[in-house]
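1. Give me a model of this one.
(chains A, B, C and D)
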Number of protein chains: 2
Amino acid sequence: MLTSSQRQLLRAISESGPLTRTEMAQMLGLSKAAMSGIARDLIDLGVLHETEIIYGQGRPSVLLDLHPECAFFVGISLLEDPAPMILSDLNGKIIARQAMPLSRDPKVIAEAISEGLPSLLETHPDAKEKLSGIGVALSGFVDETQAHCVQSTLLNWQDVPLAKIIRERSGIETFIENDAKAVAVSEKLFGSAREIQNFSVVSLGDGIGCAHFIDGRLYRGNHGGAGEIAHCTIEPGGAPCRCGKRGCLDTVASMKAIKEMSRAEGLKCTSLSDIEDEASTGNAAAIRILHRAGSALGLAIANLIQMNDPGLILITHVEGSFEGLFGTVVNQAIETNVLPRYAGQTPIRIKRVDGDVWARGAASIAAHNFLIGSHTS
Amino acid sequence: MLTSSQRQLLRAISESGPLTRTEMAQMLGLSKAAMSGIARDLIDLGVLHETEIIYGQGRPSVLLDLHPECAFFVGISLLEDPAPMILSDLNGKIIARQAMPLSRDPKVIAEAISEGLPSLLETHPDAKEKLSGIGVALSGFVDETQAHCVQSTLLNWQDVPLAKIIRERSGIETFIENDAKAVAVSEKLFGSAREIQNFSVVSLGDGIGCAHFIDGRLYRGNHGGAGEIAHCTIEPGGAPCRCGKRGCLDTVASMKAIKEMSRAEGLKCTSLSDIEDEASTGNAAAIRILHRAGSALGLAIANLIQMNDPGLILITHVEGSFEGLFGTVVNQAIETNVLPRYAGQTPIRIKRVDGDVWARGAASIAAHNFLIGSHTS
DNA sequence: TTGATTTGTTCATTTTCTGAACTTAGTGTC
DNA sequence: GACACTAAGTTCAGAAAATGAACAAATCAA
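-> Numbering: from 1, shown residues only, chains lettered A, B, ... in the order given. Below is the predicted model:
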């Protein structure tokens, strides 16, 4: 078990990248003497290692960084069938990847994970010994201990103690998390939001997910529902949504909605690019659909900016690109719906992600618990 | 200066009310031995005192509570002219109240405060000696050190180091804060949100303000702009707003907007009750106005709930009441725009506040800095 | 009255951090 | 190349904060 100071240090390095001992001492507000000891302990534990030597005036300083292979993590996404299962190191690098059948029965899932583990761990000589946690990403609400799935429509679950079941079957520390929140954590740990304390991730796929980091910590909300942007009412009195109300963002701007609207207009559409292509040739229906979806998403994001004033909005998307009409409309809708004095002040970063997002996010949940712990401040 | 443990303890008592030493030890995760010493020190300092004795099995336990008169605070609201100036104790009780002329010149403000202080402090024998801070509430953006006013349209300020100016002139520790955020802090310290970690305050007056507490701390946002709900677009393409864009919540649901719309319809309206009265007699224009305003506010609050999943929404209002049509429409709009599975899960509390809100909020900023400090976690 | 029970205190010990002096390993200058 | 100069990192004695175990205190229950 790590001490509180050791955790703080790991967190600082995770945010800032490699640091010298003197920098670390300043950041944590500790003396050089104390820092010296903490660093020595973490080096002895194999968690930190010396990397570069920086020459300047005076004695050269030594950069310390996390040792990427001091711990390994397994991430599993329960959002796809078959469910991807990856092995990652402390840098978020994917070392191996395999799949397991998806099930709705928690015990069957635990069994499948346990059976898949040996072959996954075989891919790296140290992985088995240094496996430090399993993370699972799923669609639904998760409690703040990252152990219980409170509710999942997709999996038809109510109060399932999934983490405990997997932990007992596999013997490995396990944490679960909502899909969008897992992606946010992976962006904070491994991605482009490392040093940012307040940011929101909006993940655009078949559905729309969102999660907030506030003051450097994932904000889960009082019932685990923070970031449920998909069911914000964007078109009052609009199309009925599967959630029971009308005009949700999900009914207009999710990929599923875009595809459905296209089909209704007689356009063939298997991905965003299909409609973008149609729109670029001047097809009025395609243009209308993209405008409607883009304006809705932009408005929702603008409202998010107004409400929470994040330091960054990170939009992740799987399909197509943001170079076309859709992206343009989204950006413009954000601009026109944000307080003019603020417009452009909040960076919007677009990131195309691959099929590993969810599994990588899941692994980052385990990594986060290893590095920083869940209940620290 | 207080130690970190002492601060944590004060925070816990401020949230939970009086506690026994054993309860405190459990809450902070400390040993009884450590707690014993910390409590003794704070009692010696006059900050804590023993109140009630609880009899049960075993040795009776002693409740410790904050000593209300261990510190006094001055709160000033720069939102009204003349500017109210109050003296409050650590319970938020207003001990004395006076006023000073409002000015846009920071130096004149500092001067007026310093000149007003002696007569204010005279009202209580200990106040002068135990004055622990001045808090100032204003309309505008404030930096995270609560010292600089980054921008204020109302006062026509840009980067004014108001806290420093007042501190230098008066010799008293001073902090400034945005109006809505100050109200949120006073609700957390003195009001009905004491024990709640995640909540949002929506203050309805001539304008609409909003502020969030997240994980027990005021969330200021990356540019101090968190909670700018008034300029969320609620009616896309709607009425032009003084901020430069269109359809802001402020143009439909603020008291100012309601009054203006009423006037445009030929209704005389000096307060919310006037239109409520008209509506109750069946006046179609009045009903229309209240419906429009109420739906807009309700939608904005519903979106807030979806985005942030707070544990409580506290709506504060000065004029009229929420018993009439307006309140009904607001509540209904919230219900219909929140994910049905969640509807009713987030408590909405309505609170009518008096003319002291802003000044009390200002005082609570000083009290918060005394009790908890600004940069603790 | 006696035992059970739980709060709160005391004190020796451990853990964690600090401050000051010191060592180390370079740069810059003559 | 010898010299001062500079800044990083280490060492070590001592301060500060927390712990654990034993104990004193104050009640209830039988």
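
2. now the helices: where do they sit in the stretch 101-250 of chain A?
-> For the stretch 101-250 of chain A, helices defined by DSSP state H, counting those that start in this stretch occupy the ranges A:106-121, A:127-130, A:162-170, A:179-189, A:250-253.

3. Run through the residues that contact the residue in the stretch 1-150 of chain A that chain B sits nearest to.
-> Nearest residue of the stretch 1-150 of chain A to chain B: A:Phe141, at 9.3 Å (CB to the nearest CB). C-beta here means a position set from N, CA and C on the backbone, and glycine is covered the same way. For A:Phe141, the contact set (CB atoms under 8 Å, 6 or more residues apart in numbering or on different chains) comprises A:149-152, A:178, A:223-225.

4. Number of residues surrounding the closest residue to A:Met307 other than its chain neighbours?
-> What sits nearest to A:Met307 in space, not counting adjacent residues and going by CB to CB, 6 or more residues apart in numbering or on different chains, is B:Met307, at 5.6 Å. Using other CB atoms under 10 Å in any protein chain shown, B:Met307 has 25 neighbouring residues.

5. these two touch, right, B:Met307 and A:Ile305?
-> No. Using CB atoms under 8 Å, B:Met307 makes no contact with A:Ile305, being 10.7 Å away.

6. For burial, what's the neighbour tally of the closest residue to DNA strand D within chain A?
-> Using CB to the nearest atom of the strand, the closest approach of chain A to DNA strand D is made by A:Gly58 at 2.1 Å. Applying other CB under 10 Å, we find 6 residues neighbouring A:Gly58.

7. next one: A:Ile258
-> With neighbours defined by other CB under 10 Å, the count for A:Ile258 comes to 27.

8. For it, identify the helix or strand it belongs to.
-> Under the criterion DSSP states H and E, the helix or strand holding A:Ile258 is helix A:255-264.

9. same question for the helix or strand following that helix, mean pLDDT?
-> Counting by DSSP H and E, the next helix or strand C-terminal to helix A:255-264 is helix A:272-280. Helix A:272-280 carries an average pLDDT of 92.

10. Could you check the angle helix A:272-280 makes with helix A:255-264?
-> Computed with axes from the mean of the first three to the mean of the last three CA atoms, to 10 degrees, the direction of helix A:272-280 lies at 50 degrees from that of helix A:255-264.

11. Against which helices or strands is whichever helix or strand comes after helix A:272-280 packed?
-> Moving toward the C-terminus from helix A:272-280, the next helix or strand (DSSP H and E) is helix A:284-308. Using 3 or more CB pairs under 8 Å, 6 or more residues apart in numbering or on different chains; DSSP states H and E, the elements in contact with helix A:284-308 are strand A:199-204, strand A:208-214, helix A:250-253, helix A:255-264, helix A:272-280, strand A:313-317, helix A:325-337, helix B:284-308.

12. Distance to DNA strand C added to those, as TSV?
-> Shown next, in TSV, are the helices and strands packed on helix A:284-308 (distance: least, CB to the nearest atom of the strand, whole Å):
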stretch	distance to DNA strand C
strand A:199-204	29
strand A:208-214	25
helix A:250-253	47
helix A:255-264	48
helix A:272-280	51
strand A:313-317	33
helix A:325-337	43
helix B:284-308	33
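
13. Any chance of those in TSV with distance to A:Gly244 as columns?
-> Below are the helices and strands packed on helix A:284-308 laid out as TSV (distance: least, CB to CB, whole Å):
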stretch	distance to A:Gly244
strand A:199-204	23
strand A:208-214	17
helix A:250-253	12
helix A:255-264	16
helix A:272-280	27
strand A:313-317	27
helix A:325-337	26
helix B:284-308	13
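
14. Of all these, which one comes closest to B:Asn369?
-> Closest approach to B:Asn369 among these is made by strand A:208-214 (20.9 Å; CB to CB).

15. For the residue of the stretch 1-150 of chain A closest to chain B, list each beta-bridge partner.
-> Bridge pairing for A:Phe141 (DSSP bridges) gives the partners A:Gln151.

16. Identify the structural domains in chain A and state their residue ranges.
-> Listed domain ranges for chain A are A:4-66, A:69-187+A:357-371, A:197-311+A:319-352 (source: automatic domain parsing).

17. With distance to B:His231 as added columns, please give the ones you listed in a markdown table.
-> Listed next are these as a markdown table, based on distance: least, CB to CB, whole Å:
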| stretch | distance to B:His231 |
| --- | --- |
| domain A:4-66 | 31 |
| domain A:69-187+A:357-371 | 26 |
| domain A:197-311+A:319-352 | 5 |
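
18. Ok, which of the ones you listed comes nearest B:Pro161?
-> domain A:197-311+A:319-352 (20.5 Å).

19. Can you tell me how far the residue most central in space within chain A is from A:Thr316?
-> With distances taken as CA atoms, centre = their mean, the residue of chain A nearest its centroid is A:Val183 (1.0 Å). Using CB to CB, to the nearest Å, A:Val183 is found at 6 Å from A:Thr316.

20. who touches both of those two?
-> Both A:Val183 and A:Thr316 are contacted by A:201, A:203, A:353, A:357, under the criterion CB under 8 Å, 6+ apart.

21. Would you mind giving those residues as a markdown table with pLDDT, neighbour count and distance to B:Leu312 added?
-> As requested, those are exported to a markdown table (pLDDT from 0 to 100; neighbours: other CB atoms under 10 Å in any protein chain shown; distance: CB to CB, whole Å):
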| residue | pLDDT | neighbour count | distance to B:Leu312 |
| --- | --- | --- | --- |
| A:Val201 | 98 | 30 | 26 |
| A:Ser203 | 96 | 28 | 28 |
| A:Val353 | 94 | 19 | 35 |
| A:Val357 | 96 | 24 | 34 |
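
22. Just give me the closest of the residues you listed to B:Asp41.
-> Nearest member of the shared contacts of A:Val183 and A:Thr316 to B:Asp41, counting by CB to CB, is A:Val201, at 44.4 Å.

23. For the closest one, give its distance to A:Ser186.
-> Per CB to CB, A:Val201 is found 9 Å from A:Ser186.

24. still on that earlier bit, now for the residue nearest to the centre of chain A: which residues touch it?
-> A:Val183 touches A:137, A:201, A:203, A:209, A:211, A:316, A:353, A:357-358, A:361, counting by CB under 8 Å, 6+ apart.
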